[in-house]
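*Asks:* could you look at this predicted model? Sequence included:
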Amino acid sequence: MVKVPNKEYWIKRSELTLIANEKSALQYEQELKKAYLETTQKITKEIEAFYGRYAKDNQISLLEARKRLRPDELLNFNKQVKLYLDEVKRLGDKAFTAEYKDYLKQLSGKAYISRLEELTANIRHNLETLATRYNEGLGEELKNAYEDSFYRTVFDVQKQARYGVSFTTPGGKQLETAIRERWMGQNYSERIWADKNRMLINLEQTLAQEFVRGRNPRQVSREYAKKMNTSYHNAQRLIRTELNYISNKGTMKAYEESGAVDFFQYVSTLDNRTSDICREMDGKVFTTKEGQTGVNVPPLHPYCRSTTIPFFPNDEIAPLIESRIARDKQGKSYIVDSNVSYKDWVQEHATPGYAQRVNELLERYKVMDISPQEVIETKEVKDRIKPLNEKEIKEVKDRIKPLDEKEIKKLNSKLEEFKEFEGEIKEILDNAGPAYQRMFYKTAMKLKTISNFNPRQGAYYQQYDLVPGHEGRYAAININIESEKATSARYGHSPLETLFHEMGHAIDDRMRGSGKRLHCINKKFVKAMKKDLSKLLDKKGDLYADAVREFANRKNSKTSGIQDILSGAEHLSEEYNNHDIRIGWCHSKEYWTKGRTKEGTEDQMANELFAHLNTTFIDKDYADIYNKYMPESMKEFNAILEKVYKKLK
């Protein structure tokens, strides 16, 4: 009997599909973001033009805005509406909604139009155009995701069974029906139009309120840009959730078509972002007949990343497909060679359109040709970061040059508030070496500001939020150098400690490229942290006695980072609570635990430890402390940095 690969194989396969989907989602989100920015710019121009025509002293009252257009203005407006109607006609019936077409026809037939209606109509056309592009683009992405998940699953089942299994290829109306099917009350298209309608409902009301407040065009544009930003984040959520839905739908259809998969197992991506409901569902087995989206088939919630895998109770696949063995044109069953490539299999069994796409994007599908054992080994190697060898270290040193004078000047400008420490910062970065120096520089250049822009708060790195004094949301570091100098004088640590700590958070986030933060890409980093903590808290060891004595010295605040990590560990288990080491520097319990699972708290600790370890570049004392108490963590931290150095230019 043909044995199926173990559960680990199917899980790794599902993870690879998830990664492919996330890459597709990210790529489409980037395209859509450009469309949103373009639309926002067009709306801004419409608002500015409106003020240019009708405002006095850069302001316009609601009464003025509701005045009727003059005959010549109405004539120009009707010409504009005709252009909109021509565009709708040119793009065809599927491009815009029937409701919008009726709206334009009604406008063109009106004898009177107010200025406010004119502005609303011009803004609405931009929103309708954006929604149309969004709808068409996501529809294509969903079709691709459905076909990918369907064919990948059928291919895997056939290859493991070594028999051809008859199935109906998805295409044409069947594919269109699949992506248009409603789930949880709506399909993707209806959700897009619903979000667009929410924008339209508030449009005239928002404009009226802004006019009543006497806002200038820049303020009105800024207010609407915020609403567009909210709409984009709604779009991100929809894209991720719909791609998960259609991918799982394609997989479930493949189970049904194969005739070999009577059971499926729910698989969750277990990390700090995993929801409680998915964590509870992980590993549960159901019959394919009882599979139901939102109940036991993902997505169970927005942004869901869970999936399913085939489940074979007796670890045998051949008996399950004997009744479904496919016949070739001569009426004979065919064997699927275990060495057949995904490309060759697709050319033979998929629709011509999908086969052509695989040919064009061959690199994307190479992973389908990795053997079961290689899939598992590949994933394990990916999770394991190896230190650079001597040859690689030399290559990095030869390739990466120190900052030149122009770059140093730009860095100093970004660190304007640390002007009195320019020499000290340069010395630290010079001692750290060209690779860290350049990584520090690149990260700083990606931040909007490193300053005390939020005086009411302490120091922090923000990934993406509003920055007072700047329009929009940005990555930035809030830090008060005067406060840092006072704390440094009182407790004996470097006034640059917090700067390097928060820059550590920024490096963790901004130097990742895409996907997970740096502290997450090396699975051994969390393990090393826990190993270091266990050794530190071993009361029979010398390290514990040293820590009790050394950490009790309030003037030696260079141990504060390790105290902080210990405070987080206390919320993991009793194992980390029974000790006499002083913890005076730490984040709050809420910071470590609120809304987090145990794995989430561990991830947050690793996040903070990664930031703390950046302070080891300040001087030898910091490095000695972490090498003494967190040696394994230091080792894996350096391995992560070396991985980044290899990609630096």
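*Replies:* Looks like it came in fine. Residues are numbered from 1 along each chain as shown.
*Asks:* for the stretch 251-400 of the chain, what are the low-confidence residue spans?
*Replies:* Residues of the stretch 251-400 of the chain meeting the criterion pLDDT under 70: 269-274, 314-334, 363-398.
*Asks:* what pLDDT is listed against the residue nearest to residue 618 when sequence neighbours are not counted?
*Replies:* Leaving out its chain neighbours, the residue that sits closest to residue 618 by CB to CB, 6 or more residues apart in numbering is residue 494, at 5.1 Å. Any C-beta I mention is one placed from the backbone N, CA and C, and that applies to glycine too. Residue 494 is assigned a predicted lDDT (pLDDT) of 84.
*Asks:* residue 605 too?
*Replies:* 91.
*Asks:* that one - how many residues pack around it?
*Replies:* When neighbours are defined as other CB atoms under 10 Å, residue 605 has 25 of them.
*Asks:* same deal with the one 5 residues further on?
*Replies:* The tally of other residues near residue 610 (other CB under 10 Å) stands at 26.
*Asks:* can you say which helix or strand has it in it?
*Replies:* Here residue 610 sits within helix 598-613, counting by DSSP states H and E.
*Asks:* so who does residue 448 touch?
*Replies:* Shown in contact with residue 448 (CB atoms under 8 Å, 6 or more residues apart in numbering): 467, 470, 474, 475, 476.
*Asks:* helix/strand/coil for it?
*Replies:* The three-state label given to residue 448 by DSSP: H, G, I helix; E, B strand; the rest coil is coil.
*Asks:* excluding chain neighbours, give the residue nearest to it in space.
*Replies:* Counting by CB to CB, 6+ apart, residue 448 lies nearest to residue 474, which is 3.5 Å off, once chain neighbours are set aside.
*Asks:* packing partners for the helix or strand hosting the one you found?
*Replies:* Following DSSP H and E, one finds residue 474 within strand 473-478. The contact analysis (3 or more CB pairs under 8 Å, 6 or more residues apart in numbering; DSSP states H and E) places strand 473-478 against strand 450-451, strand 460-466, helix 497-510.
*Asks:* mean neighbour count, those: which tops it?
*Replies:* helix 497-510 (a mean of 24; mean count of other CB atoms under 10 Å).
*Asks:* give me the helices and strands touching the helix holding residue 610, please.
*Replies:* Counting contacts by 3+ CB pairs under 8 Å, 6+ apart, helix 598-613 packs against helix 497-510, helix 518-521, helix 523-536, helix 560-569, helix 589-593, helix 631-647.
*Asks:* do that again at 6 Å, thanks
*Replies:* Judged by 3 or more CB pairs under 6 Å, 6 or more residues apart in numbering; DSSP states H and E, helix 598-613 is in contact with helix 497-510, helix 518-521, helix 523-536, helix 560-569.
*Asks:* nearest to residue 620, out of those helices?
*Replies:* Ranking the helices and strands packed on helix 598-613 by proximity to residue 620 (CB to CB) places helix 497-510 first, at 14.3 Å.
*Asks:* residues contacting the next helix or strand after the helix holding residue 610, please?
*Replies:* Toward the C-terminus, helix 598-613 is succeeded by helix 620-629 as the next helix or strand (DSSP H and E). Outside helix 620-629, the residues that touch it by CB atoms under 6 Å, 6 or more residues apart in numbering are 536, 558, 559, 562, 615, 616, 634.
*Asks:* so how far is helix 620-629 off the chain centroid?
*Replies:* How far helix 620-629 lies from its chain's middle: 34 Å, per CA atoms, centre = their mean, to the nearest Å.
*Asks:* try stretch 75-83
*Replies:* What separates the centre of stretch 75-83 from the centre of its chain is 42 Å, taken as CA atoms, centre = their mean.
*Asks:* can you check stretch 346-362 too?
*Replies:* The answer for stretch 346-362 is 29 Å, by CA atoms, centre = their mean.
*Asks:* likewise for stretch 97-111?
*Replies:* Centre to centre, stretch against its chain (CA atoms, centre = their mean), the figure for stretch 97-111 is 40 Å.
*Asks:* what residues of that stretch count as buried?
*Replies:* Residues of stretch 97-111 classed as buried: 97, 100, 101, 103, 104, 107, 108 (neighbour count, 16 or more other CB atoms under 10 Å).
*Asks:* of those, closest to residue 174?
*Replies:* Taking CB to CB as the measure, residue 174 lies nearest residue 97 of the buried residues of stretch 97-111, at 24.8 Å.
*Asks:* and the pLDDT for the closest one?
*Replies:* In the prediction, the pLDDT value recorded for residue 97 is 83.
*Asks:* cool, and residue 1?
*Replies:* On pLDDT, residue 1 comes in at 43.
*Asks:* after the host helix or strand of residue 90, next one along is what?
*Replies:* Assigned by DSSP H and E, residue 90 belongs to helix 71-91. Using DSSP H and E, the helix or strand that follows helix 71-91 in sequence is helix 98-108.
*Asks:* quick check: angle from that following helix to helix 71-91?
*Replies:* If you take axes from the mean of the first three to the mean of the last three CA atoms, to 10 degrees, helix 98-108 sits at 150 degrees to helix 71-91.
*Asks:* by contact count, what packs against helix 98-108?
*Replies:* helix 71-91.
*Asks:* show me what counts as buried in stretch 62-76.
*Replies:* Quick answer for stretch 62-76 (16+ other CB under 10 Å): 65, 69, 74.
*Asks:* residue contacts, the spatially closest residue to the second one that is not a sequence neighbour?
*Replies:* Put plainly, it is residue 69. Distance criterion CB to CB, 6+ apart; nearest residue to residue 69, sequence neighbours excluded, is residue 113 at 5.1 Å. Taking CB under 6 Å, 6+ apart, we find residue 113 in contact with 69, 74, 77.
*Asks:* now do the strands in the stretch 301-450 of the chain.
*Replies:* 307-311, 450-451 (DSSP state E, counting those that start in this stretch).
*Asks:* make TSV out of these and add distance to residue 127.
*Replies:* Formatted as TSV, those follow (distance: least, CB to CB, whole Å):
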stretch	distance to residue 127
strand 307-311	34
strand 450-451	36
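*Asks:* where in the stretch 101-250 of the chain is pLDDT low?
*Replies:* 165-166.
*Asks:* quick check: residue 301 vs residue 276, distance?
*Replies:* To residue 276, residue 301 is 10 Å away according to CB to CB, to the nearest Å.
*Asks:* could you check which of the two has the larger neighbour count?
*Replies:* Remark: of residue 301 and residue 276, residue 301 carries more neighbours, 14 against 9, as counted by other CB under 10 Å.
*Asks:* what's the local residue count around the residue nearest to that one when sequence neighbours are not counted?
*Replies:* Nearest residue to residue 301 in three dimensions, chain neighbours excluded: residue 275, at 5.7 Å (CB to CB, 6+ apart). Number of residues near residue 275 (other CB under 10 Å) recorded here: 17.
*Asks:* again with residue 29
*Replies:* 16.
*Asks:* helix, strand, or coil at it?
*Replies:* Once three-state DSSP is applied, residue 29 turns out helix.
*Asks:* do the same with residue 457
*Replies:* Taking three-state DSSP, the label given to residue 457 is coil.
*Asks:* burial count for it?
*Replies:* 11.
*Asks:* separation between it and residue 592?
*Replies:* Applying CB to CB to residue 457 and residue 592 gives a distance of 19 Å.
*Asks:* could you do residue 236 as well?
*Replies:* Taken as CB to CB, the span from residue 236 to residue 592 is 28 Å.
*Asks:* who has more neighbours, the two?
*Replies:* residue 592 (22 against 16).
*Asks:* pretty sure the more buried one is touching residue 571, no?
*Replies:* Yes. The pair residue 592 / residue 571 is scored as a contact, 5.0 Å apart, by CB atoms under 6 Å.
*Asks:* if we can go back for a sec, gap between the strand holding residue 474 and the chain center?
*Replies:* Centre-to-centre, strand 473-478 and its host chain are 18 Å apart (CA atoms, centre = their mean).
*Asks:* and the angle for the next helix or strand after that strand with helix 560-569?
*Replies:* Helices and strands here follow DSSP H and E; after strand 473-478, the next one along the chain is helix 481-491. Angle between the axes of helix 481-491 and helix 560-569 is 90 degrees (criterion: the same axes, to 10 degrees).
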